[in-house]
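Asker: My questions are about this predicted structure, shown below with the sequence.
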Amino acid sequence: MGTLAGELPKRVRRADQARQTTCSPVYMADSGKMSSEFDTRRGIIDQRLKEAGWDVSDRTQVVQEWFVSSSLSKDGSRSILREDPAFSTLREFSDYVLLGKNGKPLAVVEAKRSLKDAELGREQAKQYCYSIQMQTGGELPFCFYTNGHEIFFWNIGEAERKRLSIDKSTLRWSHFKQLPAAEMLTLVQQEVFPFIKDLNGDGSTFTRHMANAVFIIPSANLLQGAIQIIEDIFVEIERDAKEEGHLFQDIQGDVYEMLLNEISSAGKNGQFRTPRHIIKLISELVNPQLGHRICDPACGTAGFLLDAYQFIITQLARQKAKKGQSFPPDEDGFIRTSLSGQLTQGTKDILEQSLHGFDFDSTMVRLALMNLMMHGIDNPHVDYQDTLSKSFIEECDYDIIMANPPFSGSIDRGDINESLHLKTTKTELLFTERIFTLLKTGGTEGIIIPQGVLFGSSGAFVEARKKLVEEAELKAVISLPSGVFKPYAGVATAILVFTRGGKTENTWFYNLKNDGLSLDDKRQRIGGGELSDVVEKWRARNPEHASDRKANHFFVPAQEIRDKSYDLSFNRYSTVEHNETVYEEPKVILQKLKTLEDKIQQGIAELEGILG
């Protein structure tokens with residue numbers, strides 16, 4: 001056994017040499033798909049070590065399951081090796097530690113299951129590396145990590161060791177909330193906030209988009225007051241969790257969404273928060289499933305991604321429900337459970353890899369990331385990206401897309417992505433085409449658009465609708481009342497549901513007049529909501545049954561849509577029933593007026609007699 005670099009595979013040696021001049025992780029190999037951490041260890045790590053000359057069965061060279069806790073042992077001394085795990089209150093072990101000729105650790109190698117996000121394991125691997133250095137009192141400069149797909153390599157330098165050496169207990173809410181105001185402000189500004197910005201490690205989406213975030217609370221008293229308010233909120237959350245049996249994490253997420261709702265307002269590019277009940281309706285229509293890749297190309301605060309997540313959780317809960325167990329609908333008529341904290345790690349990993357969002361507003365990206373994290377999605381995939389611009393390159397990548405893209409916006413023609421062929425700068429039209437390009441063949445989309453898109457007569461409007469009818473299966477057009485987005489906007493909107501690669505034969509139309517809330521600026525809850533009816537009729541729809549054009553829902557054949565210039569407005573195809581009104585003859589009406597006049601004159605005469 002020689003030096004570390006001399007005995008690792010050639011690819012690793014080259015990465016080792018390159019790593020001396022870079023601080024970012026190096027992707028070293030594509031090792032194929034593995035199904036479990038055991039497969040990763042036996043199929044990847046053991047094989048690579050053997051090829052490099054390491055004997056994995058020789059504990060003088062390779063120690064597997066090295067105990068890394070720094071807890072005190074029974075006799076008060078520090079526990080170093082894992083030989084006596086009974087010493088530890090925190091049973092944490094590094095998968096492999098490679099030893100030099102002098103018996104001192106040279107490198108940590110950490111493995112995770114194949115579906116584990118590569119970035120999620122890196123901080124654990126590097127923390128193990130640092131812990132072993134503290135245990136042994138020596139330098140442990142190398143760290144390797146693999147999830148069975150990719151192998152990552154780090155040179156643990158001084159800056160990284162300094163970051164890992166922060167006493168994290170001083171950064172806890174329970175610690176700094178008790179500090180004097182001035183001391184609290186200093187700690188939060190200089191240590192807590194920088195730590196939060198790097199919460200998921202250097203390579204995570206959250207850290208990348210928090211890089212330029214600035215802590216803007218200016219005074220100690222203001223910070224202290226804010227912390228007290230938040231503390232009171234969390235006391236209520238804990239009480240509700242204890243008394244009502246709800247999971248703390250789910251209540252916490254609901255509170256965050258409530259706060260988003262309170263501060264939301266129309267944005268400079270036509271952005272505004274999509275009402276939660278409309279989001280739920282679209283989830284019911286597109287029916288996302290576990291394993292689907294789901295995207296919102298203009299995600300805002302990630303409301304669609306979050307409901308897709310909760311919709312899937314609900315389906316899993318209903319599949320596992322005990323006999324007789326029921327799930328009551330919420331006030332909007334939809335069933336959603338709050339069981340995200342009870343997901344298995346494997347299911348959670350699949351869900352985290354399934355949800356993807358993009359937005360061109362950095363504030364929205366940060367709000368979206370935090371919204372998903374507060375609901376238990378530890379490493380969300382939300383990126384700062386204008387999906388209409390030339391820099392966006394993704395295509396044909398998603399099974400489900402749910403979106404409410406900006407209305408009434410325009411972009412410079414020179415910035416439009418070359419893959420978008422509609423001759424327009426209007427964002428509501430460009431997004432329909434962008435979503436079409438993002439879908440896999442067989443993928444389904446639910447998108448909210450202004451109703452002007454349904455009947456606009458200019459070339460780009462007609463071409464956009466033609467593309468949906470001729471190159472996809474346009475499944476549904478659901479007209480929404482004009483007050484759905486009040487108080488931010490009064491524009492009438494509609495939901496389009498289509499599947500890429502299908503063939504449009506019949507399109508289902510529904511005219512929704514009551515979404516369960518008043519259509520004024522107050523948007524108060526009222527009776528008679530039709531959202532549940534939409535879902536019921538959607539699931540029971542059958543184009544072979546005769547459609548009543550006088551009803552609020554019916555099918556329209558594709559050929560009829562073609563004949564009417566691809567007009568998709570509900571009123572273009574509905575039949576309005578006019579009731580005939582029978583009026584009396586003019587002579588009869590005139591005689592009635594004379595009779596009435598005589599009575600009036602008689603009454604006036606009687607009053608004059610009384611008055612003398």
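Answerer: Looks like it came in fine. Residues are numbered from 1 along each chain as shown.
Asker: For the rest of this, base every contact and every neighbour count on C-alpha atoms.
Answerer: Noted.
Asker: average pLDDT for stretch 173-190?
Answerer: Average pLDDT, stretch 173-190: 90.
Asker: Buried residues in it, which are they?
Answerer: 176-177, 181, 184-185, 187-189 (16 or more other C-alpha atoms under 10 Å).
Asker: what's it in contact with?
Answerer: 169-171, 215, 219-221, 223-224, 227 (C-alpha atoms under 8 Å, 6 or more residues apart in numbering).
Asker: nearest to A302, of those?
Answerer: Nearest to A302 out of those is F215 (C-alpha to C-alpha; 22.9 Å).
Asker: The closest residue to the closest one other than its chain neighbours in helix, strand or coil?
Answerer: In space, and not counting its chain neighbours, F215 is closest to Q189: 6.6 Å by C-alpha to C-alpha, 6 or more residues apart in numbering. Local secondary structure at Q189 is given as helix here, using DSSP: H, G, I helix; E, B strand; the rest coil.
Asker: Over to the one 3 residues further on?
Answerer: Three states are possible here, and by three-state DSSP the one that applies to V192 is helix.
Asker: For it, the count of nearby residues, please.
Answerer: Counted with other C-alpha atoms under 10 Å, the neighbours of V192 add up to 19.
Asker: I'd say it and S169 touch.
Answerer: No - taking contacts as C-alpha atoms under 8 Å, V192 lies outside contact range of S169: 10.6 Å.
Asker: that older thread, dump the contacts of stretch 173-190 into a markdown table; add neighbour count, distance to E473 and secondary structure as well.
Answerer: Converted to a markdown table, those look like this (neighbours: other C-alpha atoms under 10 Å; distance: C-alpha to C-alpha, whole Å; DSSP: H, G, I helix; E, B strand; the rest coil):
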| residue | neighbour count | distance to E473 | secondary structure |
| --- | --- | --- | --- |
| S169 | 10 | 56 | helix |
| T170 | 13 | 57 | helix |
| L171 | 18 | 53 | helix |
| F215 | 11 | 48 | coil |
| S219 | 11 | 57 | coil |
| A220 | 16 | 58 | helix |
| N221 | 15 | 59 | helix |
| L223 | 19 | 54 | helix |
| Q224 | 19 | 56 | helix |
| I227 | 15 | 52 | helix |
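Asker: Need the worst-confidence member of the residues you listed.
Answerer: S169 (80).
Asker: ok, the lengthiest strand in the chain: who's next to it in the sheet?
Answerer: As assigned by DSSP state E, the longest strand anywhere in the chain is strand 439-450. Strand 439-450 has the following sheet partners, assigned by DSSP bridges: strand 398-403 (parallel), strand 493-500 (antiparallel).
Asker: how about the helices in the stretch 201-350 of the chain?
Answerer: 205-210, 220-244, 248-263, 276-286, 303-319, 345-354 (DSSP state H, counting those that start in this stretch).
Asker: Revised request: answer the last question for the stretch 51-200 of the chain.
Answerer: Going by DSSP H, counting those that start in this stretch, the stretch 51-200 of the chain shows helices at 118-136, 158-164, 173-176, 181-187, 193-197.
Asker: and those, which one's lowest on average pLDDT?
Answerer: helix 158-164 (a mean of 54).
Asker: which pair in the buried residues of stretch 173-190 spans the largest distance?
Answerer: K177 and Q189 (13.6 Å).
Asker: If we go by neighbour counts, what in stretch 39-54 is buried?
Answerer: Quick answer for stretch 39-54 (16+ other C-alpha under 10 Å): 39-41, 44-46, 48-49, 52, 54.
Asker: which of the contacts of stretch 173-190 lies closest to G357?
Answerer: Closest approach to G357 among the contacts of stretch 173-190 (C-alpha to C-alpha): F215, at 25.0 Å.
Asker: For the closest one, give its distance to L223.
Answerer: 11 Å (C-alpha to C-alpha, to the nearest Å).
Asker: now swap in A302 and tell me
Answerer: Distance from A302 to L223, by C-alpha to C-alpha: 27 Å.
Asker: Contacts only, for the closest residue in space to S391 that isn't next to it in sequence.
Answerer: Using C-alpha to C-alpha, 6+ apart and skipping residues adjacent in sequence, the residue nearest S391 is N417, 7.4 Å away. Taking C-alpha under 8 Å, 6+ apart, we find N417 in contact with 388-392.
Asker: do the same with R465
Answerer: 453-454, 566-568.
Asker: same check, this time on L438
Answerer: Neighbours of L438 in contact, by C-alpha under 8 Å, 6+ apart: 394-398.
Asker: One more: D397?
Answerer: 293, 438-440.
Asker: one more time with 6 Å, if that's ok
Answerer: 438-440 (C-alpha atoms under 6 Å, 6 or more residues apart in numbering).
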